[in-house]
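Student: Pasted the sequence and its predicted model underneath.
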Amino acid sequence: MPQLPYQYPRQQRSRRQRTTFLALGGMIMKKLFVILTVVISLLLVSPAFAEEQTLAGEVSLKGLLVNVKGDSAKFNEYRDQLDGVYGRAKLLYDTDAWWLKANASDIAYDTQKYQLEGGMWGLFKANAFYREIPHNLSFGARSMFSGVGSGNLGLPGTVNPADPSTWPSSFDYYTERRQTGGSFSLDVVKPFFFNVSAMTEQRKGNKPAGVAINFDALALELPEPVDYRTNTIKADLGYAKNPYFLDLYFMYSDFDNKNEVLNFANPSSLTADMLALPPDNKYYKGGFKGALKLPYHSKLNVNAGFSETTNHVSLLSTDGVFGSTFPSNSFNGKIQTQNIDVALTTNPVAFLDGKIFYKYYNRDNKSDVVTQTDQYATTYVNRLFDYQKNQYGGELGFRLPMKFYLTTGYAHVLTNRPLDTLADTNDDTYTVELRWKGLDILTVRTGYERLVRNSDFHQPSPTYSYINVDGARNFDLADKTRDTVKLTVDLYPTDFMSVGVGYKHKETNYKQLQYGLKSDRSDEVFTNADLMIGNYAQLFGYFDYQQTRRNTDQCDSIFGPCSPDTTWNLKDKETYYDYGVGTNIFLMPKKLTMRLQYDYARSNGNADFTLGSTLFTDPATTLPATANQNNIDIPTWDDYTKQSVMAKLMYNVTKKITVAIGYAYEKYKTSNAQFDGYTLIPSDGGAFLTGAYSNQSYKANIYFATINYKIW
């Protein structure tokens, strides 16, 4: 399926930044090919490498004509292709001593990639790369604020927050990642080796952020600026010669956010407010990896490491809303981790494989403890989260008669969480898998896994005693059992046909929970098939089905008494399936081929609510007077359908030149209770929104033509 491009309404950004991207892409391509040309020229004229030389590659151009109706941001969520011509190129130069490879794709687009790599056999290798990764969220969003894209959002005097027609800003929600980096490996001093790599990643754009103001009575959606830079360097030095493998490694990363605070005006009170954004931080990790080969086809592996993350954040001296004061105007964060992993694998006899392992992980939070006192002399303290995890277990594999292979395993995980209101957990996992390959044309695998968790919830301090009122606890820490069953069958009846079928069932039941998530169940079926009909055609297809069901009980208020009349139950079900069929018809074998393909995907969700009798009359639920058990359900729970069809004709003009023309159509339709009837200001007046993720349906038509030239 080709990438479906289109033109979308982000003209200000497109015209200004695309010119920059085109120039940048062209400059990088020129530099890459200049370097490539110089190196190849040196190799060609060097007598030392004149014995055997290979030059191969290909160059492709694609022309596009596109028409999109609907939400172009959703259509182009992870792609950026416009009407016009774009291309890609690959080039490989190889001799007995040197090799060099260059790749370029989506030249001058926001998805462009360039990579140059090469080296000298047995001595060294190196590579350099540049790539862009877009994520388009919503185009044409609206905001009452000026200064969108910066850390200061102002509210112009001409704006009436209650009237979106006076809002001045129209903008796009998107982020773009630009990664530049390279690596170098030295092998000339074998058995010693040395590797080093570095990368810089920039992220720029806007994303939606939700805040609650006026004591949570009003929700406000803000355009949060994204202007991040992350620099990363990795290095390792080691020794590799039987029976040893020894490796010392180090990593350093530094994250910089140009806007650590988003300042904005409260549209209700017109007072200044702010939202904290991700702070700058530094991270490093060092460690050792090693392996030792032992008798009886055994091997011992060790991995030990230490890491530290630090940051520094300025704090307000006072909080104007609650009148809080802080003893210090800064916060220093520090988190340290230690890990040790040891594993022993063995194959002492032909019919037996074994493995035992132990893993230790410890997280120490050594950040500042900040005490905050409000105007009522109530004291609040940030509570530091630490935990420690010990894991051990083993596996045994048995080669049985009639080409059966049985694998059994056990793992125990003990996690200690010192913080009160949390729990220590003991997880025991049992696994068994049976594989049969009694026929060359058939492979069957079946497996079962059972997880049993036992939790020990800590006695909470009086300040946090409400956590355990009426059995309300974190479901992810509570006692539970989880059973997983899977089956796969791969069939190859002939060299021209293959069929795969699989099934997976997972069911989790939570214990100790009077309220919260009680159970979670999922089923999945998948198939695929491929058939060659002589030299005339190829048929292929697939089908995937998934269904998830969850059951949740909740008390109307964990602070007050609960009874059947004040509780509610939610049974939500999500069903997803997709299928596709296609064919390659060889109209003229090895000369003219026609490809046809159709794909369909659908997601259907439903939320079935059952409310206690008193909740229908409780003003806090804001239910209409006509509400009853039959009409309070949500039938459109993230529903969508997506269809695509493609027809393509490919012709091999010569062994080196291939041309193709084609047409593709894509349709996406969504219905979601959260967005159906979307308005910037909901009817209850409880929020100011910007249009993020609304109206995501679209239709797209594309016509394309390509030409490809191979070099060898």
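Tutor: Structure received. Numbers count the residues shown, from 1 in each chain.

Student: what domains does the record give for this protein?
Tutor: 386-512, 515-558+565-621 (automatic domain parsing).

Student: need those domains in JSON lines with mean pLDDT, mean neighbour count and distance to Pro134, can you?
Tutor: (Glycine included, C-beta is placed from N, CA and C.) Output for those, formatted as JSON lines (pLDDT from 0 to 100; neighbours: other CB atoms under 10 Å; distance: least, CB to CB, whole Å):
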{"stretch": "domain 386-512", "mean pLDDT": "88", "mean neighbour count": "15", "distance to Pro134": "33"}
{"stretch": "domain 515-558+565-621", "mean pLDDT": "91", "mean neighbour count": "16", "distance to Pro134": "22"}
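
Student: I'd like these laid out as TSV, including distance to Tyr665.
Tutor: Formatted as TSV, those follow (distance: least, CB to CB, whole Å):
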stretch	distance to Tyr665
domain 386-512	28
domain 515-558+565-621	10
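
Student: do you know which of the ones you listed lies nearest Gly140?
Tutor: domain 515-558+565-621 (25.2 Å; CB to CB).

Student: Now do the closest one: distance from first to last residue.
Tutor: With CA to CA, to the nearest Å as the measure, the first residue of domain 515-558+565-621 is 18 Å from its last.

Student: Run the chain-centre distance for it.
Tutor: On the basis of CA atoms, centre = their mean, to the nearest Å, domain 515-558+565-621 sits 19 Å off its chain's mean C-alpha point.

Student: In stretch 274-290, which residues are buried?
Tutor: For stretch 274-290, the neighbour count (16 or more other CB atoms under 10 Å) marks Leu275, Leu277, Pro279, Asp280, Asn281, Tyr283, Lys285, Gly287, Phe288, Lys289, Gly290 as buried.

Student: ok, now which ones touch the fifth one?
Tutor: With contact set as CB atoms under 8 Å, 6 or more residues apart in numbering, Asn281 has these partners: Asp254, Phe255, Thr309, Thr310, Asn311, Gly333.

Student: out of these, which are inside strands?
Tutor: Residues of the contacts of Asn281 located in strands (DSSP state E): Asp254, Phe255, Thr309, Thr310, Asn311, Gly333.

Student: Using the three-state scheme, assign Gln696.
Tutor: coil (DSSP: H, G, I helix; E, B strand; the rest coil).

Student: residues in contact with it?
Tutor: Neighbouring residues of Gln696 by CB under 8 Å, 6+ apart: Gly70, Asp71, Ala73, Lys74, Tyr668, Thr670, Phe675.

Student: tell me the contacts of Ala212?
Tutor: Shown in contact with Ala212 (CB under 8 Å, 6+ apart): Leu218, Ala219, Leu220.

Student: Mind doing that once more with 6 Å?
Tutor: Contacts for Ala212 were tallied using CB atoms under 6 Å, 6 or more residues apart in numbering; they are Ala219.

Student: and the closest residue to Asn695 other than its chain neighbours, how many neighbours does it have?
Tutor: Nearest-residue entry for Asn695: Asp71, 5.7 Å, with adjacent residues in sequence omitted and distances by CB to CB, 6 or more residues apart in numbering. Neighbour count of Asp71, defined by other CB atoms under 10 Å: 22.

Student: rewinding a little: ok, of the contacts of Asn281, which come out buried?
Tutor: Among those, those buried by neighbour count (16+ other CB under 10 Å) are Phe255, Thr309, Thr310, Asn311, Gly333.

Student: Rebuild those as CSV, extending it with distance to Asn708 and pLDDT.
Tutor: Shown next, in CSV, are the buried ones among the contacts of Asn281 (distance: CB to CB, whole Å; pLDDT from 0 to 100):
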residue, distance to Asn708, pLDDT
Phe255, 41, 98
Thr309, 47, 98
Thr310, 51, 97
Asn311, 50, 95
Gly333, 53, 95
